[in-house]
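Asks: Give me a model of this one.
(chains A and B)
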There are 2 protein chains.
Amino acid sequence: MYLARIYVTLKSTVNDPQGLTVLSSLHRLGFENAGDVRVGKYLLVNVDETDRAKAERSVTEMCQKLLANPVIEEFRFDLEEVPAPTATA
Amino acid sequence: MYLARIYVTLKSTVNDPQGLTVLSSLHRLGFENAGDVRVGKYLLVNVDETDRAKAERSVTEMCQKLLANPVIEEFRFDLEEVPAPTATA
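Replies: Predicted structure coming up:
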């Protein structure tokens, strides 16, 4: 069993209005030292595979098909082997 | 200058309806191996400080005051030293 930590971010060429809003809020709160802000998604997905390569292929496909929008977003992830949940979980 | 990579996640005791929706979509798409899904935020914030400790304090405060909801969310972050942007940036 693997835990995939997936980071989905807007491509650097794409405008990030949400990031701009957060930045102006930070400035309003007095954080003068805040510069560029980008907002992305962070997903934790448990993948029930024993083979790391299979898990990797699976997560890549999940990102391409559902979790990221390939037109404006890019993704990366890392995999951590975790113990399978117990029967009652 | 530091780049803060901030990960905001729901506390493990808090329900994640967005994660459940993603999970059911993954299953519908044929990803039978997808287990528990949690959806969080991933923020990249440039912090204009030369001192790492100051940058760290600043980002902690940003998270507590704006970026995370302490009632239902928890956050962690790492800091990477980056070159200051050039004058034209």
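
Asks: In three-state terms, label A:S25 for me.
Replies: Per DSSP: H, G, I helix; E, B strand; the rest coil, the secondary structure class of A:S25 is helix.

Asks: need the contact list for A:V8.
Replies: A:40-43, A:63, A:67-68, A:73-75, B:42 (CB atoms under 8 Å, 6 or more residues apart in numbering or on different chains). Using the backbone N, CA and C atoms, a C-beta is placed for each residue, glycine as well.

Asks: What helix or strand is it located in?
Replies: Assigned by DSSP states H and E, A:V8 belongs to strand A:2-10.

Asks: quick revisit: next step: the contacts of A:V8 restricted to strands.
Replies: A:40-43, A:73-75, B:42 (DSSP state E).

Asks: where in chain A is pLDDT low?
Replies: A:86-89 (pLDDT under 70).

Asks: Around chain B, pick out the residues from it.
Replies: For chain A, the residues in contact with chain B (CB under 8 Å from any CB of the partner chain) are A:1, A:7-9, A:22, A:25-26, A:29, A:31-49, A:55, A:58, A:61-62, A:65-67, A:85.

Asks: ok, the spatially closest residue to A:A84 that is not a sequence neighbour - how many residues close by?
Replies: Leaving out its chain neighbours, the residue that sits closest to A:A84 by CB to CB, 6 or more residues apart in numbering or on different chains is A:M1, at 4.5 Å. Neighbours of A:M1 under the rule other CB atoms under 10 Å in any protein chain shown: 16.
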